[in-house]
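*Asks:* predicted model follows, preceded by the sequence.
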Amino acid sequence: MTEELSPGARATLNARIARAQHSDRAPSVVAGVRTMTGVEWTGAVGDLDAAGTPASPDTAYRIGSITKTFTAVLVMQLVAEEAVALSDPITAHLPELSDLPGVSVQALLTHGAGLYAETDGPWWERSAGLTWEQLLPSIRQAHIPASRFHYTNVGFAVLGQLVARLRGQQWRQVLQERVLGPLGLVHTTYDRPDSGAHGFAVHPYADLVHDEPANDTGAMAPAGQLWSTVGDLLTFGQFLVRGDAQVLADEFRERMLIPTLVDDEPGERWTRAYGLGVDVTNLGSARYVGHGGSMPGFQSALRADPETGDCAVLLMNSTAGIDLSAVELITELRRHVPLIPTAWQRTQQHADDLDLTGTWFWGPRPHVATLHGPDLVLTPVGSGRGARFVRLAQDRWLGQDGYFAGEPLQVHARGERSAYLDVGSFRFTRTPYDPASDIPGGVDDTGWH
């Protein structure tokens, strides 16, 4: 059953964006939140242009670097088809980039390629777009590849060219056919639609605005060209965390969301990392994925919770932006619509695996093995290493997260006193250093003393 958001909750959310728009003097702000259970709120405040046209949740805004996540999906489609490997040097596909030895496709997707952030020339976001040939001199390295997170717009121009070269079409055509069309994102466009917002800069010390340009960014388009609406971006955000097999198999979509490089800001806690074209942020006990964006005259944010599927979008036609985050909107929504888990139900899936449950010891450290749905979960008591495992065969499992992600778990001597778990070569036994089990290095003959 679809939940309904109360009028009071809608008024509260509307008030949040209205206060931010007023206090931070943004010409207009539109926003939306959507849950997987069908709860949705959208709101708008302010004007789109000098004529005072009111903003609407259906208004298209320039989304800047959220475009990068769209480009990353196109690259991962190539990876899924085995046309590209993440470990491939980019020179294997774009030989003209011979000055980038050691730069892999994955390094580009994670901002770990060491490329300069911007083009070597006029401010590209405010200038007429370059062709690929004109951009080539700007594709140069500032850092050793894979040595640090260094955000690069130029790197995503390279990835867009990779997509175009291997598909034999322009990046924008590939995007339309392989992402926008299948997901039904009919309001996401390359160019500004006639009813789209106009971009403004607001004077820092006066209530005046300055028109901002909205150029075709040419070869840099895969880094920040697109326009979109709240509704389209909510759909795209929920695709990132819930998937759509006609666009990208879950195996490759989920790989995009794994934090790969930490964004290290000196003096600050590590809360942000980057996956494959996706921002990953930890805020308290919650994790959010998505991307932010900015172009002259515009700011945008897309955030989704992989656990719940909740998604929020903020769009505005202000160069400076506002002091309000998309995550705050999700939090506010959840104050009014608490997340209710599905009712627990028994399962017969692992009735024959009960002998694997209970306490196991890694050396002297106890861990508890439990069965949940199709998974075997090994949880440390206090300190230790645990993970969730999925079955590969009768006594063979594969780690899905934590220290043992991708590592095998093999059950030995099942049902016997000497039974043990071999987890990535570590031994887990029923008692600490059980002499009846196969303990590497042996067990002291004197035993516990």
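*Replies:* Cool, the structure landed.

*Asks:* in the longest helix along the chain, which residues are buried?
*Replies:* Ordering each helix of the chain by length in residues (DSSP state H) puts helix 7-23 first. Neighbour counts over helix 7-23 (16 or more other Cβ atoms under 10 Å) mark 9, 12-14, 16-17, 20-21 as buried. Heads up, the C-betas are built off the backbone N, CA and C, glycines and all.

*Asks:* now the end-to-end length of stretch 367-385.
*Replies:* Across stretch 367-385, the terminal residues are separated by 8 Å (Cα to Cα, to the nearest Å).

*Asks:* all helices for the stretch 1-150 of the chain, in order.
*Replies:* Secondary structure of the stretch 1-150 of the chain, counting by DSSP state H, counting those that start in this stretch: helices at 7-23, 66-80, 105-109, 132-135.

*Asks:* for Leu376, which of those helices is the nearest?
*Replies:* Comparing the helices of the stretch 1-150 of the chain against Leu376 with Cβ to Cβ, the closest turns out to be helix 66-80 (28.0 Å).

*Asks:* quick one on the thing from earlier: got TSV for the helices of the stretch 1-150 of the chain, with mean pLDDT too?
*Replies:* Putting the helices of the stretch 1-150 of the chain into TSV (pLDDT from 0 to 100) gives the following:
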stretch	mean pLDDT
helix 7-23	96
helix 66-80	98
helix 105-109	98
helix 132-135	96
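
*Asks:* how about those in a markdown table, adding distance to Val202?
*Replies:* Below are the helices of the stretch 1-150 of the chain laid out as a markdown table (distance: least, Cβ to Cβ, whole Å):
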| stretch | distance to Val202 |
| --- | --- |
| helix 7-23 | 11 |
| helix 66-80 | 22 |
| helix 105-109 | 34 |
| helix 132-135 | 31 |
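
*Asks:* quick one: pLDDT of the residue lying closest to Phe239 once chain neighbours are set aside?
*Replies:* Leaving aside its chain neighbours, Phe239 sits nearest to Leu183 (5.9 Å; criterion: Cβ to Cβ, 6 or more residues apart in numbering). Turning to Leu183, the model gives it a pLDDT of 98.

*Asks:* what is the burial count for Leu183?
*Replies:* The number of residues packed around Leu183, counting by other Cβ atoms under 10 Å, is 18.

*Asks:* next one: it relative to Gln173, how far apart?
*Replies:* Separation of Leu183 from Gln173 (Cβ to Cβ, to the nearest Å) stands at 16 Å.

*Asks:* chain center to whatever helix or strand Glu254 lives in: distance?
*Replies:* Using DSSP states H and E, the element containing Glu254 is helix 250-256. If you compare the mean C-alpha spot of helix 250-256 with that of the full chain, they lie 10 Å apart, counting by Cα atoms, centre = their mean, to the nearest Å.

*Asks:* got the buried residues for that helix?
*Replies:* Judged by neighbour count using 16+ other Cβ under 10 Å, the buried positions of helix 250-256 are 252-253, 255-256.

*Asks:* one more: stretch 176-192?
*Replies:* Going by neighbour count (16+ other Cβ under 10 Å), the buried part of stretch 176-192 is 176, 178-180, 183, 185, 187-190, 192.

*Asks:* do the same with stretch 304-324
*Replies:* By neighbour count, and taking 16+ other Cβ under 10 Å as the criterion, the buried residues in stretch 304-324 are 304-306, 308-319, 321-322, 324.

*Asks:* which SS class is the residue lying closest to Leu48 once chain neighbours are set aside?
*Replies:* The shortest distance from Leu48 to any residue other than its chain neighbours is 4.6 Å, reached at Ala197 (Cβ to Cβ, 6+ apart). Under DSSP: H, G, I helix; E, B strand; the rest coil, the three-state class of Ala197 is coil.

*Asks:* Ala197: what's it in contact with?
*Replies:* 28, 48-49, 55, 59-62, 298, 315, 317 (Cβ atoms under 8 Å, 6 or more residues apart in numbering).

*Asks:* same question for Ser294.
*Replies:* Contact analysis of Ser294 by Cβ under 8 Å, 6+ apart lists 64-65, 300, 319, 321.

*Asks:* same deal with Val174?
*Replies:* By Cβ under 8 Å, 6+ apart, the contact list for Val174 reads 74, 163-164, 167.

*Asks:* name the strands paired with the biggest strand by length in the chain and say parallel or antiparallel.
*Replies:* If you go by DSSP state E, the chain has its longest strand at strand 286-295. When pairs are called by DSSP bridges, strand 286-295 turns out to pair with strand 279-283 (antiparallel), strand 298-304 (antiparallel).

*Asks:* could you give the angle of the shortest one to helix 66-80?
*Replies:* In this case it means strand 279-283. 110 degrees (axes from the mean of the first three to the mean of the last three Cα atoms, to 10 degrees).

*Asks:* give the buried residues for strand 279-283.
*Replies:* Buried-residue list, strand 279-283, by 16+ other Cβ under 10 Å: 279-281.

*Asks:* and this protein, what are its domains?
*Replies:* Residue ranges for the structural domains of the chain, counted by automatic domain parsing, are given in the record as 7-336, 351-429.

*Asks:* output the below-cut-off pLDDT ranges for the stretch 151-300 of the chain.
*Replies:* With pLDDT under 70 as the threshold, the stretch 151-300 of the chain has no low-confidence stretch at all.

*Asks:* for it, what spans make up the helices?
*Replies:* Taking DSSP H, counting those that start in this stretch as the test, the helices found in the stretch 151-300 of the chain are 153-167, 171-175, 181-183, 221-224, 230-242, 250-256.

*Asks:* then the second one to CSV, C-alphas only?
*Replies:* Read that as helix 171-175. Coordinates of the C-alpha atoms in helix 171-175 are reproduced here as CSV (Å, rounded to 0.1, in the frame of the first residue of the first chain):
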residue,chain,number,x,y,z
TRP,A,171,28.4,10.5,-26.4
ARG,A,172,25.1,12.2,-26.3
GLN,A,173,23.6,9.7,-28.7
VAL,A,174,24.8,6.8,-26.7
LEU,A,175,23.5,8.3,-23.5
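
*Asks:* ok so, going back, could the helices of the stretch 151-300 of the chain go into TSV alongside distance to Gly32?
*Replies:* TSV is the format used below for these (distance: least, Cβ to Cβ, whole Å):
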stretch	distance to Gly32
helix 153-167	25
helix 171-175	22
helix 181-183	16
helix 221-224	21
helix 230-242	4
helix 250-256	22
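
*Asks:* tell me the most buried of the ones you listed?
*Replies:* For these, the largest average neighbour count (mean count of other Cβ atoms under 10 Å) is found in helix 221-224, namely a mean of 25.

*Asks:* counting contacts, what elements does that helix pack onto?
*Replies:* When contacts are defined as 3 or more Cβ pairs under 8 Å, 6 or more residues apart in numbering; DSSP states H and E, helix 221-224 packs onto helix 66-80, helix 153-167, helix 171-175.
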